[in-house]
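[1] From the sequence below, what's the structure:
(one chain, ligands or ions: 1)
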Amino acid sequence: MSYRIPFNKPLIAGKELYYVAEAVTRGNVAADGYFNKACCRLFEQQFGIKKVLLVPSGTAALELAAMLCGLKPGDEVIMPSYTFVSTASAFVRVGARPVFVDIRPDTLNVDEKLIEAAITERTRVIVPVHYAGIGCEMDTIMEIARRHNLLVVEDAAQGVNAFYKGRALGSIGHLGCYSFHETKNFICGEGGALCVNDERFIERAEILRDKGTNRQKFFRGEVDKYTWVDVGSSYVMAELLAAFLYGQLEQMEAISHRRREIFERYDELLAPLEEEGFLRRPRIPAECQSNYHLYYILLQDAATRDALMAYLKAQGILAVFHYVPLHTSPMGQSFSYKVGQLPVTEDLASRLLRLPLFYTLGEKDQEEVVTRIKQFFGASKANGGVPATVPGLEYLSWDSDHFGFRVGKITTQASDCQLRQMLEAARTAGYTLIYYRSVQEKLVADDILRQFGGILVDNAVTFEKQLRTGDSVTPDQLVTDKLVEVLSADNFKDESPLDELAIVAGQYSRFFQDVRIPPDRARELYRIWGRRALRRELADEVFVAVQNGDVARPAGFVAVKVEERTARISLISVAPMHQRQGLGRLLMAYAENYASERKLSRLMVTTQFRNQPACRLYEKMGYTPVTVENVYHFWLDNTKG
Ligand SMILES: Cc1ncc(COP(=O)(O)O)c(C=O)c1O
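    Model (predicted):
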């Protein structure tokens, strides 16, 4: 069946057909001709790969990689279950057992934090799959592999011309695999490449690819005849395809640029639907540069996904989903895996939908895809099919990603009756956790707390000090005596020195207080906030106190954010071993100076009532408490909770 707006369309981007003809006139259409070498050289030079070998498919690249790993029956290979079959089948063919690990809710890549627990004495290889052209957390994965003496084979089938911390995907692991299948960014019908980054594997890779012979050595004049030396197969790419591929690679930047435009347009047009809580858009971590291989949306549940897909189909638009998680497939089950073992994978795979994305997708067609999606939600809302947005409830996408379930906050002061209605509606809309702040005198009734899993997690006290322009706090004795140096964020290129301090900043907070939040998630939350503050995403300035020049282990820091005429302290922390030495006062003084220099009229800081040392310090420094709020967490029971 053909669609008015197909899911994918192959592209002739430049001189592909001309190069195919040229390959014929050059007199070599089998393997390893002029264009084959040109493609390999381009990848090697542009992506910093030691040796690239063109092969007939991404699957073939994975199979060669698996053969090179020298596995024995029963050896174990760690990989996500949310991937294409070839990732697993390549290793199963050589007798290994796939060990499936769950994925991260933000990128849908293997969750690096779960890898170490899956390692046994039989583990030999880790296979990170860079889903959608967004890199896995490779620093962590390579470090785990180094510590446990494992090999890393990157499945970068979707990751050609994408980068992690500036390094090309496929160039980081010991081996990497690319695909040029017609659905990929750069195509030749069917095709792939094996990237060899560890020199130990180059010679054998050439032999296995060429029927187990040392023919490549013969061509280089290193042996006087070639012969059968290992058990390989024919894993070469025909020169006709390499010629076509080279035409595509010459247009790599133009193709990537257009895909990026389409991706960003989807992202912009779909943002309102995410804000309303109907869907979630893809996330790209700051350290990753995507190649915009695909655009997906995550719907609220499988039924909504299937209904939307059918609705689009009826309008002549093909949107598709993948993958059936491998651990739930008949082959996966033959390795004794069971449904329910990888909850994040199973949940996200059931809710994901890929939208049309190809070079020649016109603006009008793209807009129509979005319009139809909006219509679908409008119509469903009227039918009561999909939960309406809840007035006064804001969906928190960052928090939802971090915790892996739907999180929202109630943005108004609600009467008991309104609060009940909002929490009921939030439960129906699939929320797990709702934040709510009420003014001091308005405690939430016990029966509401009982009915909706509510707990009082904080009494937040906000202090304020009026500042006069030109006021400047006199330099602190600690600084004049050169005991402490205070540096601005600009002096810190490395993001990690604030990690431990940021966690200390949160120790009295509701995230540590609420026993339903795993402590590691709470620590991670503050660690990320510390890093984002230092990058000036969550703060306009950060002052870091350093003793004895020890910039790697600062003694304390304060992050200041400016909102109109007010400066606000977003985080403040002093390391336990440096407390009671006047550092808190010193950091506050820097924040005050920063605010008065910018002619701001006041400085505000919020802390927990139970953090009495902080409350006393602020009062001593002339701050007055202006509001006290009760902060609640409601843990809603719902099927996804
Ligand atoms: C993650 C992943 N691995 C492997 C492959 C296999 O590549 P090919 O289709 O070129 O054999 C694909 C392609 O669909 C893929 O997406």
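[2] any weak-confidence spans in the stretch 351-500 of the chain?
    379-391, 469-482 (pLDDT under 70).
[3] can you list the residues of it near the ligand?
    By Cβ under 6 Å from any ligand atom, no part of the stretch 351-500 of the chain sits against the ligand. All C-beta atoms are positioned from the backbone trio N, CA, C, and that covers glycine.
[4] Give me the most central residue, this protein.
    The residue lying closest to the centre of the chain (Cα atoms, centre = their mean) is residue 107, at 3.6 Å.
[5] thinking that one is in contact with residue 290, fair?
    No: between residue 107 and residue 290 there is no contact under Cβ atoms under 8 Å: 10.0 Å.
[6] shared neighbours, the two?
    Contact with both residue 107 and residue 290 is made by residues 132, 134, 284, according to Cβ atoms under 8 Å, 6 or more residues apart in numbering.
[7] on that earlier part again, now the residue nearest to the centre of the chain, nearest residue through space, not along the chain?
    residue 134 (5.2 Å; Cβ to Cβ, 6 or more residues apart in numbering).
[8] Pull the contacting residues for the residue of the stretch 51-200 of the chain found nearest the ligand.
    Taking Cβ to the nearest ligand atom as the measure, the point where the stretch 51-200 of the chain comes nearest the ligand is residue 58, at 2.4 Å. By Cβ under 8 Å, 6+ apart, the contact set of residue 58 is 84, 86, 155, 157, 177, 178, 179, 180, 181, 192.
[9] Up against the ligand, what does this protein have?
    So far as Cβ under 6 Å from any ligand atom goes, the chain lies against the ligand at 57-59, 83-84, 86-87, 129, 155, 157-158, 179, 181, 192.
[10] And residue 284, how close does it get to residue 131?
    11 Å (Cβ to Cβ, to the nearest Å).
[11] Those two: which has the busier surroundings?
    residue 131 (27 against 19; other Cβ atoms under 10 Å).
[12] Let me know the secondary structure of the residue lying closest to the more buried one once chain neighbours are set aside.
    Spatially, and ignoring its direct neighbours in sequence, residue 131 is nearest to residue 108 (4.8 Å; Cβ to Cβ, 6+ apart). Secondary structure, DSSP: H, G, I helix; E, B strand; the rest coil: residue 108 is coil.
[13] From what I see, residue 108 and residue 102 are in contact.
    No: taking contacts as Cβ under 8 Å, residue 108 lies outside contact range of residue 102: 10.5 Å.
[14] Show me this protein divided up by domain.
    16-251, 258-383, 393-459, 468-600 (automatic domain parsing).
[15] Of those, which stretch is the most buried?
    domain 16-251 (a mean of 20; mean count of other Cβ atoms under 10 Å).
[16] still on that earlier bit, next up, the contacts around the residue nearest to residue 107.
    107, 109, 159, 162, 282, 284, 285, 288, 290.
[17] give me phi/psi at the third one?
    Spelled out, it's residue 159. phi -110, psi 20 (degrees, to the nearest 10).
[18] before we move on, back to that, excluding covalently adjacent residues, which one is nearest to the residue of the stretch 51-200 of the chain closest to the ligand?
    Closest to residue 58 by Cβ to Cβ, 6+ apart is residue 179, at 2.8 Å.
[19] so that neighbour makes contact with residue 133?
    No: if you go by Cβ under 8 Å, residue 179 and residue 133 don't touch, sitting 11.4 Å apart.
[20] any common contacting residues for the two?
    Joint contacts of residue 179 and residue 133 (Cβ under 8 Å, 6+ apart) are 158, 160.
[21] Look up how far residue 494 lies from residue 552.
    8 Å.
[22] repeat for residue 509
    Residue 509 is 25 Å from residue 494, by Cβ to Cβ.
[23] go on, residue 342?
    Taken as Cβ to Cβ, the span from residue 342 to residue 494 is 34 Å.
[24] With residue 300 instead?
    Residue 300 is 40 Å from residue 494, by Cβ to Cβ.
[25] next one: residue 637
    43 Å.
[26] do residue 596 as well
    30 Å.
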